[in-house]
Structures are given as C-alpha cells and as structure tokens.
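Engineer: Predicted coordinates and the sequence they were generated for:
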Amino acid sequence: MNSIARLSRYVVLVVTFFFVSLKSFSQKKEFKGYYINLSGDTIRGAFVNYKQWSNNPDRVSFVPTTTGIASQLTPATCKSFEINNYDTYISYHGTRLTNPVDFANAPTGNTADTYDTINTFLRQIAASEQLKLYVYKDDLRMNLFYAVNNNINELLQKGNLINNSFWESMRYKQQLKEIFTSEPDKEKIDQLIYTEESLASFVNKQNKGKSSFKKDGGPNNGRFVIFAGASLNSLKFSGDKSQVYSNKEYPTTTAPVVAIGYILPINRNFHKFFLFPQIKLSAFKHTATTFFNSTTAYPAQVNTFQSSPTVSVGFHFGYNIINKSDFKLFIAPGGGITILCKNKQVDNIQFSATEQKTIITTMPTTTYLLDTQAGAVIHEKYFAWLSYNFPTTITSYSANRGILTSIQFGLGYKL
C-alpha cells in the first residue's frame, strides 16, 4: 500500500472522529461573568443561556455564585452585565430611529424621521478615550449608539430612494467629526460605512497602540494564517492503457507546500462556523522509466509529468468540532481551482546509447480543486493542518486521464 493510500485512511479516520466527537462537545455550557445592579454593586455568577445573540436581548438568565438560584436580568434591574471573554451589555431605555438603512427596504422620497422606544441591552463593540460604541439589532434594522461620559446617543442613519437612486443621510459621519476633530480622522470618517465592523474598527484604532476593545465573536475577528509543510502526490492513469506512458507505475513523490489563508467567523456563534479562503503553492513531478530489457542500463523511454508551481485558490466552510478558547479542532471541506503552471509531459525516448529524442507536450493550465481539510489551533496562534485533495485530472488526453491525488500537511501560525 503506497503512502497516499495509507494517509487517505488516516484522513477518513480523522473525519470520522470529528463527527463522533460532535455530540460530546455540544453539551450545555455555563459562561462566567457578572452584572452591576442599580446600586452599583458587582454580582458574580454564570449566564446559563448565553448564545452570542444576533438580536439584542431584553432579558437574560443569570445564576449568582452566592445563591445558585437563577434570576432574570432586565434593563430595569441592572445597569450592565459582562460575559467573561465575550460580550459586554449596558441597559438602555430610549428612542431609536426606525427608518430603513438598506436599499431593499428604502421608501421612495425624502421621508421624515420615525422613532420608537426600546427597553433593551446595548452590546458594546468598541471603545476609545473619546467614546464607547454600541450596537442594537432586531428584525427591523441595526442601530449604532455612542456614549460620551455615560450619555448615550444614537449615530443617525437612514436611506431613501430619490429619483431612482439610493440616498443615505450620513448624519452619523457629522456626529463623529464633532468628536474626532483632527483632519486625518475626518478623512477616515468620510470613508466609513454604516456597519458594526466599519465603525468598530475606526473607534478601536483610536487607541494608538493601547489595547483595543475586542471580544471573542465580535467584529474584526478575522485572522490571517500562514503555514508550510509537504505535499505527497500520487499519479495514476485511467482509461486506455495502451500508451507507454499510461501503462506504468509512477512512484509517490513529495513536494513542499506553502499557503496563506484567512479565517473569518460567521456571525456570532462562538466561532463554531467560519469561512476559510486560502491560496496554496506547491508542485508535482512524476517520472517512470521503461528499459530495453533486463540486461541493459539504457532506458527505452522516460516519461515525466510535472507542473511547477501549482497555485490552488480555494474557498472552504469550516466547523470547530472542539471549540475551546485554548484548543480548537476543525474540519473544513471546500473547493476551487488549481492553476497548473508549466504543466507538461516530457517524453525522453532513447534509441541507443547515443541516440535519443525528447518530446514535450503541453498539458492543461487549470483543473478543479475539491478537498477536505482538518486541523487544530492551539492558544489561538499555533496551527496544525492536514488536507486531502480529491483526485483531479491534469492531462488533456481523451482516451485516458492522468489523475493526481494529494495529501498535504504542515504547521502554521495565526497572525
């Protein structure tokens, strides 16, 4: 059994282990944290139903350490609460703008501002010396708020369709310019868009080297990953085996592989699900030799299939089977294309000890990529990775196909 076959079995075992482990690691968790009551006292305990809500909650279940009895926190009973390493919320009772902010729901004409009153918790998404930034989301729209000296105000934004064009009020930009008054900051504000990610990034960068407000699962938690390792490549032919090159055994070969990817968590789900686009660079070269007979050292023909480099551009959907803060184990199937640079077949035909002929045939420059990846992340930095690249055709013949299969593995680092 060759190296590819053995490693293919390992991949199957790893994937099976992931799915068997899923049930074990999906048990209900308690999240430690605290809340501040109306008297300003800090009460520590656990949030038993915390789910990194997409829409803001108006009540939260909390179990104090002192009593062990669950109670409901509402904006009327506490000033704020924090889930350790995750989210911070503050109580808010006031108005918010209800006009749509997106093109799909924008009304026609310049409509008046409309408001409703909400009694809820606002989630903090950024902080600087000048202000704190909060978000409120429900099924109607998203609203962004800021607090200066604990005075909460909304960053105003709405959209309308005027003369068949989408118009935005952009009042939030003027509000921010009244707080961040330097010309460089004003230029940056002009480039902002009314999203949680855009405004949180701007505010957090005001800390100028100091620690920014950044919680697990919040905005801007995408991370680049670089990794390097080896690729074990196997080449086999299917179909018509009458050709000399297709009726041979090509040994498994090894080539280096380097890659860069970007891990982007999807929504607010403790980073269980993530997108993982990536670019990988590797190569392959497979050679098989036919000799005249058993008594001569002169080869009759040397057939080589090679491409250097191969550039794979893939898009993967990942799931963390084990999802702890200091250790994650994931699986990420995906697909894309592989660019085969200088992909060619080289046939070196030897007629005698002194006579030979070389024939070079250009092969396809692209092929499809289907792969399943698995890996582990330790302490949110160190990365171990394994990828099984499903068989893909690298030749252009109609009667037979040269099929490349690869197992790639390596170590990496999250930037």
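Structural biologist: Alright, I've got the coordinates.

Engineer: Could I get the full set of strands for the stretch 251-400 of the chain?
Structural biologist: For the stretch 251-400 of the chain, applying DSSP state E, counting those that start in this stretch gives strands covering 253-265, 273-275, 278-291, 299-323, 327-340, 344-350, 356-362, 366-378, 382-393, 400-414.

Engineer: what's the closest of the ones you listed to residue 241?
Structural biologist: Closest to residue 241 of the strands of the stretch 251-400 of the chain, according to Cβ to Cβ: strand 400-414, at 7.0 Å. Every C-beta, even on glycine, is put in place using the N, C-alpha and C of the backbone.

Engineer: hey, C-alpha coordinates of the closest one in PDB?
Structural biologist: C-alpha atoms of strand 400-414 as PDB (Å, rounded to 0.1, in the frame of the first residue of the first chain):
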ATOM      1  CA  ASN A 400      -7.100   8.200 -20.900                       C
ATOM      2  CA  ARG A 401      -6.700  10.500 -17.900                       C
ATOM      3  CA  GLY A 402      -3.800  11.300 -15.700                       C
ATOM      4  CA  ILE A 403      -5.300  11.600 -12.200                       C
ATOM      5  CA  LEU A 404      -3.400  13.400  -9.400                       C
ATOM      6  CA  THR A 405      -4.300  12.800  -5.700                       C
ATOM      7  CA  SER A 406      -2.500  14.700  -2.900                       C
ATOM      8  CA  ILE A 407      -2.200  14.600   0.900                       C
ATOM      9  CA  GLN A 408      -0.900  17.900   2.300                       C
ATOM     10  CA  PHE A 409       0.100  18.700   5.800                       C
ATOM     11  CA  GLY A 410       2.000  21.300   7.700                       C
ATOM     12  CA  LEU A 411       2.300  23.700  10.600                       C
ATOM     13  CA  GLY A 412       1.200  27.300  10.700                       C
ATOM     14  CA  TYR A 413       0.700  30.500  12.700                       C
ATOM     15  CA  LYS A 414      -2.300  32.800  13.100                       C
END
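
Engineer: Note down every partner strand of it and its orientation.
Structural biologist: Sheet pairing for strand 400-414, assigned by DSSP bridges, gives strand 223-239 (antiparallel), strand 382-393 (antiparallel).

Engineer: Tell me how many other residues surround the nearest residue to residue 265 once chain neighbours are set aside.
Structural biologist: Leaving out its chain neighbours, the residue that sits closest to residue 265 by Cβ to Cβ, 6 or more residues apart in numbering is residue 271, at 4.5 Å. If you count neighbours by other Cβ atoms under 10 Å, residue 271 ends up with 23.

Engineer: for residue 350, same thing?
Structural biologist: 19.

Engineer: Could you do residue 117 as well?
Structural biologist: The local packing of residue 117 (other Cβ under 10 Å) involves 8 other residues.

Engineer: Could you do the one 10 residues further on as well?
Structural biologist: As a burial measure, the neighbour count of residue 127 was computed by other Cβ under 10 Å and equals 21.
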